[in-house]
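J.: Curious how this folds, go ahead:
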Amino acid sequence: MGVAAGPIRVVVAKPGLDGRDRGAEVIALALRDAGMEVIYTGLHQTPEQIVATAIQEDADAIGLSVPSDAPDTLLAAVIDLLRERDAADITVFGGGSIPEADIAVLKEKGVAEIFSPGATTASVVEWVRVAVRG
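T.: Presented below is the predicted three-dimensional model:
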């Protein structure tokens, strides 16, 4: 986690086939309103598309709206692709209805944080600031 120059840049994406993106939109707006540059990729993004966008946009972080159908597979794929492309310094976080046992596994794989549905936008914004800027 290096010190970034300028505004924090965050790619917000919704991987997988789940068509609900309200959570991702709310977080994208909250981060933008807090002065961050947000690149919102929209629905149905593959891990490859998300990582390519993050690298191209020189992102500091990737925020994923975690689909209920395959959270571990998609998040792990993003982490693995970042490592393969020498971009493991990009902080990855997610949010969604994830069982507690799965959260522990995701964190072991390298996901920095998972926010449950009750998390406030203010807590996510503050966490991103601290995680990226230290």
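
J.: tell me the centre residue of the protein?
T.: G63 (1.6 Å; Cα atoms, centre = their mean).

J.: now the regular element (helix or strand) spanning V38, how far from the centre of its chain.
T.: V38 belongs to strand 37-45 when assigned by DSSP states H and E. Relative to its chain's centre, strand 37-45 lies at 10 Å (Cα atoms, centre = their mean, to the nearest Å).

J.: cool, and stretch 97-113?
T.: With Cα atoms, centre = their mean, you get 13 Å for stretch 97-113.

J.: Provide the contact partners of that stretch at residue level.
T.: 66, 68, 71-72, 75-76, 79, 83, 88, 91-94, 114, 116-117, 127, 131 (Cβ atoms under 8 Å, 6 or more residues apart in numbering). No exception for glycine: its C-beta is placed from N, CA and C like everyone else's.

J.: Filter those down to the buried ones.
T.: 66, 71, 75-76, 79, 91-94, 114, 127, 131 (16 or more other Cβ atoms under 10 Å).

J.: how about the strand holding V38: buried residues?
T.: Neighbour counts over strand 37-45 (16+ other Cβ under 10 Å) mark 37-41, 45 as buried.

J.: Keeping just the C-alphas, turn that strand into PDB.
T.: Output of strand 37-45 as PDB, limited to C-alpha atoms (Å, rounded to 0.1, in the frame of the first residue of the first chain):
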ATOM      1  CA  GLU A  37     -12.100   9.200  -8.700                       C
ATOM      2  CA  VAL A  38     -14.400   6.300  -9.400                       C
ATOM      3  CA  ILE A  39     -14.400   4.200 -12.500                       C
ATOM      4  CA  TYR A  40     -17.700   2.200 -12.400                       C
ATOM      5  CA  THR A  41     -17.600  -0.700 -14.900                       C
ATOM      6  CA  GLY A  42     -21.200  -1.800 -14.400                       C
ATOM      7  CA  LEU A  43     -22.700  -5.300 -14.500                       C
ATOM      8  CA  HIS A  44     -21.500  -8.700 -15.600                       C
ATOM      9  CA  GLN A  45     -17.800  -8.000 -15.600                       C
END
